[in-house]
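Trainee: prediction below, plus the sequence it came from.
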Amino acid sequence: MSFDKWFNSQDTLIKVILLILPFVGWIVELLVRLSVALNKKDVVSIVVFVLFLVFGWGWILCIIDLVYLIVKGHLILA
């Protein structure tokens, strides 16, 4: 089972807790995006992974992903 499927199978509360924790949230998002990029092997997934790797350490992207996760149940473009 890939990490993105494991993450998406968790309860929303568990996902939110994993994303709220400062360093853990960045690692979890990075692993989910890497897993999606490796599974799909399309340009969009790879570009999103690289962009998150470069700019994802900031709180802005994490907060946007957190709000999107609460509303939709999964991360943006993952």
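Mentor: Structure's in. What do you need? Everything quoted here is computed from the prediction, not taken from an experiment.
Trainee: before we move on, which element is the most centrally placed residue in the chain in?
Mentor: In the chain, the residue lying closest to the centroid (C-alpha atoms, centre = their mean) is E29, at 3.2 Å. Using DSSP states H and E, E29 falls within helix 22-40.
Trainee: list the buried ones in that helix?
Mentor: Judged by neighbour count (16 or more other C-beta atoms under 10 Å), helix 22-40 contains these buried residues: G25, W26, V28, E29, L30, V32, R33, L34, S35, V36, A37. To be clear about C-beta, it is placed using only N, CA and C from the backbone, and glycine gets the same treatment.
Trainee: and it, how far out from the chain middle?
Mentor: Centroid displacement of helix 22-40 relative to its chain, using C-alpha atoms, centre = their mean, to the nearest Å, is 5 Å.
Trainee: count of neighbours near V71?
Mentor: Other residues lying near V71 total 8 when counted by other C-beta atoms under 10 Å.
Trainee: so where's this structure shaky on pLDDT?
Mentor: 1 (pLDDT under 70).
Trainee: repeat that with 80
Mentor: For the chain, the stretches with pLDDT under 80 are 1, 56-59, 61, 77-78.
Trainee: if we can go back for a sec, in whichever helix or strand comes after the helix holding E29, what's buried?
Mentor: Sequence order places helix 43-55 as the next helix or strand after helix 22-40, per DSSP H and E. By neighbour count with 16+ other C-beta under 10 Å, helix 43-55 contains the buried residues S45, I46, V48, F49, F52.
Trainee: contacts only, for the second one.
Mentor: Spelled out, that is I46. A37 (C-beta atoms under 8 Å, 6 or more residues apart in numbering).
Trainee: what about the closest residue to C62 other than its chain neighbours, distance to G56?
Mentor: Spatially, and ignoring its direct neighbours in sequence, C62 is nearest to G25 (5.7 Å; C-beta to C-beta, 6 or more residues apart in numbering). Distance of G25 to G56, computed by C-beta to C-beta, to the nearest Å: 10 Å.
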